[in-house]
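Colleague: My questions are about this predicted structure, shown below with the sequence.
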Amino acid sequence: MVPLIFPRKNYNFKKLFNMLRYPLKIFDLKINNEKEINLYKGIIAKFKELISKWKEFRSVRSIIEDIFKLAKKAYSMEDLHRYTRSSVQKYCFLAVLLVGITLNYGIRERKELQAFAE
């Protein structure tokens, strides 16, 4: 799985496609590699088809960035001063929960979201 936020203007898709690699599972000698390779190639072909329509998703990218800004600024996710994994998990889970609650019950407009994040 490759997480990807929809690209900005003038994005170099060739560079993106060059970064994609076969999963390590393909190099396991115990499995049918041909089946896994074909599955991977199908996923990449579908990804290329969908990413070519990225301009339709610009508004989605903008909303994602506003939500991240909300989490970072309003819920103090910008500087995580935690020293154990469990502490980081608890803090992140709480922040994600608060962002979800804020979006579901409080903020309905994009301008409100931006104002609250600032």
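Modeller: That came in fine, so what should we check first? Numbering: from 1, shown residues only.
Colleague: C-alpha only now, for contacts and for neighbours.
Modeller: Will do.
Colleague: Can you mark which positions in the helix or strand containing Ser62 are buried?
Modeller: Take DSSP states H and E as the rule and Ser62 turns out to sit in helix 58-69. By neighbour count on 16 or more other CA atoms under 10 Å, the buried set for helix 58-69 is 58, 61, 66-69.
Colleague: Tell me the buried residues in the longest helix along the chain?
Modeller: Ordering each helix of the chain by length in residues (DSSP state H) puts helix 33-51 first. By 16+ other CA under 10 Å, the buried positions in helix 33-51 come out as 36-37, 40.
Colleague: In JSON lines: those residues, plus distance to Ser86 and pLDDT.
Modeller: What follows is the buried residues of helix 33-51, written out as JSON lines (distance: CA to CA, whole Å; pLDDT from 0 to 100):
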{"residue": "Glu36", "distance to Ser86": "35", "pLDDT": "80"}
{"residue": "Ile37", "distance to Ser86": "37", "pLDDT": "83"}
{"residue": "Tyr40", "distance to Ser86": "34", "pLDDT": "85"}
